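J.: Sequence first, predicted coordinates after that:
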Amino acid sequence: MLSEKKAIITGASRGIGKAIALLFAENGADLIVGGTNASLLDALCDEVHAMGRQCFPCAGDVADPETAVRLVALAEEQFQKIDVLVNNAGINDRTPTLELTHEAWKRVLDINLNGTFYVSQAVLKHMAAHGGGSIVNMSSTASKTAKSNAAVSYGASKAAVNAMTRQWALEFAPYQIRVNAVCPGPVLTDMSSQWTEEYRSNVAKSIPLGRVGAPEEVAALTLFLASDQASFITGQTINVNGGSYME
Ligand code: NAD
């Protein structure tokens, strides 16, 4: 589905981002992979090389605009083009509002919102000058509804990601750039690994399909949206959540 395509994936070192990277490679894409842990990125690239695809690590904090510059420069140097961007890097912070420090509030917005903006702005510039592309933003159910296990900074950052998704879809449609967001419900990754067994079982019971999701199930939707199979889909925020939130 991504034969001959060149993709940048942020937050690819583990969890959902890693599942996306492996599925993209399986489907023929060559990759630039971002994240904060250089050795995990090197290990991911070894796995991708073994699948016969190219993979270049680019470690860095997406909250620093320089990281976006380096990601795009590496893609231009190695591939001369960028067909797909997945803005997957993100953090959660479940601190209740009255206990949330201003620093912690800003850190979530800096990574989830500003990081998505910096990388997208750099990639949109490239895609607009090179005939188009597809961007998939990793949002969350928390962008659309309140949940007792969610928190204000995370939901606010992901709602802003949805707003950017729609705005860029409109602004860059004339350049044949599609922009969509994926909104996962609870998925088992490091982000959810601090859950107790009891909490996980309660979360699973609250989901109509009776379980939490797997990173590969989020990757499957991301692959579809990134690919030409989704050529008439743009500006959408699509749920993958076992029915836990329905629109
Ligand atoms: P994870 O914690 O397992 O992985 C997060 C990834 O983001 C890692 O590769 C990490 O290195 C990277 N990252 C974190 N901070 C970064 C920074 N400052 N700069 C660059 N990279 C950074 O999390 P995950 O569960 O795989 O989450 C991936 C995405 O999916 C996030 O955007 C998250 O908000 C979203 N999401 C997750 C769930 C879930 O239940 N796990 C649900 C909805 C949405």
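T.: Received the coordinates, thanks. The structure presented is a predicted model; accordingly, all values stated were derived computationally and were not measured.
J.: For the rest of this, base every contact and every neighbour count on C-alpha atoms.
T.: OK.
J.: so who does the residue nearest the centre of the chain touch?
T.: The centroid of the chain falls nearest to residue 88 when counting by Cα atoms, centre = their mean (2.0 Å). If a contact means Cα atoms under 8 Å, 6 or more residues apart in numbering, then residue 88 has 9, 10, 11, 12, 16, 17, 137, 138 as its contacts.
J.: Contacting the ligand as well, which ones from these?
T.: When those are checked against the ligand using Cα under 6 Å from any ligand atom, the ones in range are 11, 12, 16, 17, 138.
J.: Let me see the contact set for the residue lying closest to residue 104 once chain neighbours are set aside.
T.: Residue nearest to residue 104 in three dimensions, not counting chain neighbours: residue 93, with 7.9 Å by Cα to Cα, 6 or more residues apart in numbering. Contacts for residue 93 (Cα under 8 Å, 6+ apart) come out as 104, 108, 151, 153, 154.
J.: which SSE is the last one in?
T.: What that stands for is residue 154. Using DSSP states H and E, residue 154 maps to helix 152-172.
J.: likewise the first one?
T.: Element membership for residue 104, per DSSP H and E: helix 102-108.
J.: what's the next secondary structure element after the helix or strand containing residue 18?
T.: Assigned by DSSP H and E, residue 18 falls within helix 15-26. The helix or strand immediately downstream of helix 15-26 is strand 30-35, counting by DSSP H and E.
J.: Name the residues of whichever helix or strand comes after that following strand that are buried.
T.: Using DSSP H and E, the helix or strand that follows strand 30-35 in sequence is helix 38-50. By 16 or more other Cα atoms under 10 Å, the buried positions in helix 38-50 come out as 40, 41, 42, 44, 45, 47, 48.
J.: now the first one: how far from the ligand?
T.: From residue 40 across to the ligand, the span is 8 Å (Cα to the nearest ligand atom, to the nearest Å).
J.: Then residue 55?
T.: Between residue 55 and the ligand the computed distance is 15 Å (Cα to the nearest ligand atom).
J.: In the sheet, which residues pair with the closest residue to that residue other than its chain neighbours? Tell me.
T.: Once flanking residues are discounted, residue 55 sits nearest to residue 31: 4.6 Å by Cα to Cα, 6+ apart. Going by DSSP bridges, residue 31 is paired in beta bridges with residue 7, residue 55.
J.: Burial check on the residue nearest to residue 154 when sequence neighbours are not counted, number of neighbours?
T.: Spatial nearest neighbour of residue 154, chain neighbours left out: residue 92 (5.8 Å); criterion: Cα to Cα, 6+ apart. Neighbourhood size, residue 92 [other Cα atoms under 10 Å]: 18.
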